[in-house]
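Asks: For reference, the sequence and a predicted model appear below.
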Amino acid sequence: MDTPSAADGRRPTGAGGGTRRPRAAAPALYGTALALAVALTALLLPVRPALRLSDEGDTIGHLPLAEGERFTIAYVHSIDGLPIEEDIGVRDGHLVVEATRLRQFGAGMGHIPGEGTGHAEGEWWVIEGIDRDIGTELVLRVGSPAVDHRIRTPGDEVRLSPCLAARPVTVEPVRVPVLHLLLGGDPEPEC
């Protein structure tokens, strides 16, 4: 019987008669595991800015908000029944009122001297350049369904009044893992 030897260039066979496999698969397996670990780390690190909405400490959900984007609090004025929209930006973890849009000056509404400039824009009166820092969180007392409080980001809108009327909803900028945003879904208040 002819047995292979190192001298004739043939590899010895294993007990099952087959040839041994080279160990090159181990580095490929390590590379794949490393790539998977890097991808999971990127998805789990708190790297994406978002708004956390919470009801008395219980998180309702998160709205993605990219750096430099603003969100809008929209509602209907409870006395004159006309819509109002307030644009708020996030700067260094603080909420900053940047602009207000309204149809007419109602009770408690209007331009405050020294805070921005106003101009007509179609049916709206727009006050821009307000730059009023309101802190690291905003507690919004949600109005009745007729008030129709909503929070809008460039990619989403959450209606608060149908389920949370007369409740305090806290809006605060946070950083959350990308995976959390992908799997968390849109924040929808429970009725």
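Replies: Arrived safely, thanks for sending. Residues are numbered from 1 along each chain as shown.
Asks: For whichever strand in the chain runs longest, list every residue counted as buried.
Replies: When the chain is parsed with DSSP state E, its longest strand is strand 124-135. Within strand 124-135, the residues that count as buried by 16 or more other CB atoms under 10 Å are 125-127, 130. C-beta coordinates here come from the backbone N, C-alpha and C atoms, glycine included.
Asks: Y30 sits in which helix or strand?
Replies: Using DSSP states H and E, Y30 falls within helix 25-44.
Asks: Tell me the helix or strand right after that helix.
Replies: Using DSSP H and E, the next helix or strand after helix 25-44 towards the C-terminus is strand 48-55.
Asks: Please enumerate the strands of this structure.
Replies: 48-55, 58-64, 70-76, 83-91, 94-102, 117-121, 124-135, 138-141, 150-153, 156-159, 168-176.
Asks: of the ones you listed, which approaches A35 most closely?
Replies: For A35, the closest of these is strand 48-55, at 21.0 Å, according to CB to CB.
Asks: Give the other helices and strands that that closest one contacts.
Replies: strand 58-64, strand 150-153, strand 168-176, helix 178-184 (3 or more CB pairs under 8 Å, 6 or more residues apart in numbering; DSSP states H and E).
Asks: Next, the contact list for the residue nearest to the spatial centre of the chain, please.
Replies: Nearest to the mean C-alpha position of the chain, counting by CA atoms, centre = their mean, stands P64 at 1.7 Å. By CB atoms under 8 Å, 6 or more residues apart in numbering, the residues touching P64 are 48-50, 153, 155-156, 181.
Asks: mind putting those residues in JSON lines, neighbour count and distance to V38 included?
Replies: Shown next, in JSON lines, are the contacts of P64 (neighbours: other CB atoms under 10 Å; distance: CB to CB, whole Å):
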{"residue": "R48", "neighbour count": "20", "distance to V38": "17"}
{"residue": "P49", "neighbour count": "18", "distance to V38": "22"}
{"residue": "A50", "neighbour count": "25", "distance to V38": "22"}
{"residue": "T153", "neighbour count": "17", "distance to V38": "29"}
{"residue": "G155", "neighbour count": "11", "distance to V38": "27"}
{"residue": "D156", "neighbour count": "15", "distance to V38": "29"}
{"residue": "L181", "neighbour count": "16", "distance to V38": "19"}
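Asks: Between the residues you listed, which sits nearest P187?
Replies: The closest of the contacts of P64 to P187 turns out to be D156 (CB to CB; 8.4 Å).
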